[in-house]
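Chemist: got a sequence here, can you build the structure:
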Amino acid sequence: MLDLESLTPGITYLVLSTVIFLVGIIVTFWVHNQYHLSMIVPESKLQSSPNLPLISIIIPARNEARNIQRCLAALESQTYPNLEVIVVDDRSTDATPKILAEFVSAKQTQGGTSPVFRIVQGTDLPTGWAGKPHALVQGYAVAQGDWLCFIDADTFASPNLITSTFQAARSLEADLLSILTYQELITFWESVILPVVFTALSVGFPADRVNDPDKPDAIANGQFILIRRSVYQAVGGHQAVRSEIAEDRALAALVKGNGYKLVVGDGRDLARTRMYTSLPEIWEGWTKNIFLGLQDRLWLLALGGLVGLTGALALPLWTILSLSWAISSGSWIAYLAAAQSIILWIYLLFKRVQASRAMDISAWYAFSLPLGALVFTLMMFTSAYRVLSGKGVTWRGRTYP
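Modeler: Here you go, the predicted structure:
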């Protein structure tokens, strides 16, 4: 005869396990199906067109000795014929100024007319300004182009980047075009953490909603933004977002909020970016961005924290408890709960393998999800704590409240 009283705790655990299993399957499917970027910016060659407008490329550079040479060399090879490249040396303390001077000197020695490279020596940061908006405003002040193109120093262009994005912006009648670039993930920590971050961003800012003029969602990738000068001036440019750490999102919100056309496209065939190369760099970079970029979406921060802790701690603990119980007791209830946890892990790992392959990293990094989710969650909490406590966030030797 069954002892129903002794089965009650097991049944309760099974019910809870079943709820976790079903919710886990649904959330895993939903999270990994938010990246629906139907807008792809293809690589294209220049179509014959008279009177091509001047495009001013503006690059903020603060302590970018590792990247700036590669960035400029890639821009030197652009097929678009009417360019100027303005690099704002934002008070660098490393070898950036020396590299810039040598590059421009070599360019002048070689001759040629396009693109023209100009170096702007950045001034001290005024009170109330974040570093990047201040650098970009200084570049804009000397730019002559009808279009402005903001490119980060850690972004490396294919030869047809400007041609392809300009032709796409023109055909789409876009006022601001931003692309998602190919992310170079080389070291262990890059491959563990950044795929989790990118998945989270796709949940928070689905690109197709950003491209829908009837939806309020707005974001741009500061690694590459192409904007009409007239629109930039009309919305107040970077001066209007001078205190914003996530200035790219703030500028995109201004553009879309004022009725101009914002387009975000997949440009992974057009440019490559290597954001960070070590755990300390990743930590500083994302603790700078996460909370300040999502202050108006606290629900998203809460959801990210919940999902992150679940992936890092709750799911592994659930599996360990279920398997331990099954092995020690031989109970069919325990085996069923263990089977649920294993099935969910298989499905989750399948989705992470797909994500890893999409980012051209080893599929084995799918198994690092608990570690990546834990670090991502800690970065979120640290970012929120530093801002709310008044300690501020630090980036490139500067601290922002």
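Chemist: check which residues of the helix or strand containing Thr28 are buried.
Modeler: Following DSSP states H and E, one finds Thr28 within helix 4-31. Buried residues in helix 4-31, counted by 16 or more other Cβ atoms under 10 Å: 10, 13-14, 17, 20-21, 24, 27-28, 31. The C-beta positions use only the backbone N, C-alpha and C, and glycine is treated the same way.
Chemist: and for stretch 224-235?
Modeler: Along stretch 224-235, these residues count as buried under the neighbour rule (16+ other Cβ under 10 Å): 224-229, 231-232, 235.
Chemist: quick one on the thing from earlier: TSV for the buried residues of helix 4-31, including pLDDT and distance to Leu46?
Modeler: What follows is the buried residues of helix 4-31, written out as TSV (pLDDT from 0 to 100; distance: Cβ to Cβ, whole Å):
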residue	pLDDT	distance to Leu46
Gly10	69	70
Tyr13	76	65
Leu14	80	64
Ser17	82	60
Ile20	85	55
Phe21	87	54
Gly24	86	50
Val27	86	45
Thr28	86	44
Val31	83	40
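Chemist: domain map for this protein?
Modeler: Structural domains assigned to the chain are 4-31+298-400, 55-277, following automatic domain parsing.
Chemist: deepest of those domains, which one?
Modeler: Of all those, domain 55-277 carries the top mean neighbour count, a mean of 20, counting by mean count of other Cβ atoms under 10 Å.
Chemist: pretty sure Asn211 sits against Val263.
Modeler: Yes: between Asn211 and Val263 a contact is recorded at 5.8 Å, counting by Cβ atoms under 8 Å.
Chemist: could you list the low-pLDDT ranges of the stretch 51-200 of the chain?
Modeler: Of all residues in the stretch 51-200 of the chain, those with pLDDT under 70 make up the ranges 111-114.
Chemist: quick one: Glu102 from Ile151, how far?
Modeler: In this view, Glu102 and Ile151 are 20 Å apart by Cβ to Cβ, to the nearest Å.
Chemist: please apply the same query to Glu190.
Modeler: Taking Cβ to Cβ, one finds Glu190 at 21 Å from Ile151.
Chemist: please apply the same query to Gly265.
Modeler: Separation of Gly265 from Ile151 (Cβ to Cβ) stands at 15 Å.
Chemist: kindly report the same for Asp212.
Modeler: Look at Asp212 and Ile151: by Cβ to Cβ, they are 26 Å apart.
Chemist: again with Val255
Modeler: Taking Cβ to Cβ, one finds Val255 at 18 Å from Ile151.
Chemist: how about the helices in this protein?
Modeler: 4-31, 68-76, 96-110, 131-142, 161-172, 188-204, 207-210, 229-234, 247-257, 279-293, 298-309, 315-329, 332-358, 369-388 (DSSP state H).
Chemist: for Ile40, which of these is the nearest?
Modeler: When the helices of the chain are compared by Cβ to Cβ, helix 161-172 sits nearest Ile40, at 9.3 Å.
Chemist: could you check the angle the closest one makes with helix 68-76?
Modeler: 60 degrees (axes from the mean of the first three to the mean of the last three Cα atoms, to 10 degrees).
Chemist: contacts for helix 161-172?
Modeler: Helix 161-172 is contacted from outside by 41-47, 55, 57, 74, 78-80, 83, 147, 149, 174, 177, 179, 224, 226, 261, 263, 265, 267, 270-271, using Cβ atoms under 8 Å, 6 or more residues apart in numbering.
Chemist: ok so, going back, between the helices of the chain, which one is nearest to Arg396?
Modeler: helix 131-142 (6.7 Å).
Chemist: what's the angle from the closest one to helix 247-257?
Modeler: Taking the same axes, to 10 degrees, one finds that helix 131-142 is oriented at 60 degrees with respect to helix 247-257.
Chemist: for helix 131-142, packing partners?
Modeler: strand 55-61, strand 83-89, strand 116-121, helix 247-257 (3 or more Cβ pairs under 8 Å, 6 or more residues apart in numbering; DSSP states H and E).
Chemist: adding distance to Trp286, write these out as TSV.
Modeler: Listed next are those as TSV, based on distance: least, Cβ to Cβ, whole Å:
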stretch	distance to Trp286
strand 55-61	19
strand 83-89	24
strand 116-121	28
helix 247-257	14
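Chemist: what are the C-alpha coordinates of stretch 160-174, in CSV please?
Modeler: Taking C-alpha atoms only, stretch 160-174 is exported to CSV below (Å, rounded to 0.1, in the frame of the first residue of the first chain):
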residue,chain,number,x,y,z
ASN,A,160,33.6,48.7,-49.1
LEU,A,161,32.3,49.7,-45.7
ILE,A,162,31.5,53.3,-46.4
THR,A,163,30.3,52.6,-50.0
SER,A,164,28.0,49.9,-48.8
THR,A,165,26.5,51.8,-45.8
PHE,A,166,26.1,55.0,-47.7
GLN,A,167,24.3,53.3,-50.6
ALA,A,168,22.1,51.4,-48.1
ALA,A,169,21.3,54.6,-46.2
ARG,A,170,20.4,56.4,-49.5
SER,A,171,18.2,53.5,-50.8
LEU,A,172,16.4,53.1,-47.4
GLU,A,173,16.1,56.9,-47.0
ALA,A,174,17.6,56.5,-43.6
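Chemist: find the pair from the buried residues of helix 4-31 with maximum spatial separation.
Modeler: Longest span within these, Cβ to Cβ: Gly10 and Val31, 30.7 Å.
Chemist: tabulate the CA atom coordinates of stretch 60-69 in CSV.
Modeler: Output in CSV follows, covering the C-alpha atoms of stretch 60-69 (Å, rounded to 0.1, in the frame of the first residue of the first chain):
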residue,chain,number,x,y,z
PRO,A,60,37.5,59.3,-30.9
ALA,A,61,40.8,57.9,-29.6
ARG,A,62,41.8,57.8,-26.0
ASN,A,63,44.6,55.5,-25.2
GLU,A,64,44.0,53.4,-28.4
ALA,A,65,47.6,52.5,-29.2
ARG,A,66,46.6,48.8,-29.6
ASN,A,67,44.0,49.6,-32.3
ILE,A,68,44.4,52.9,-34.0
GLN,A,69,47.0,51.8,-36.6
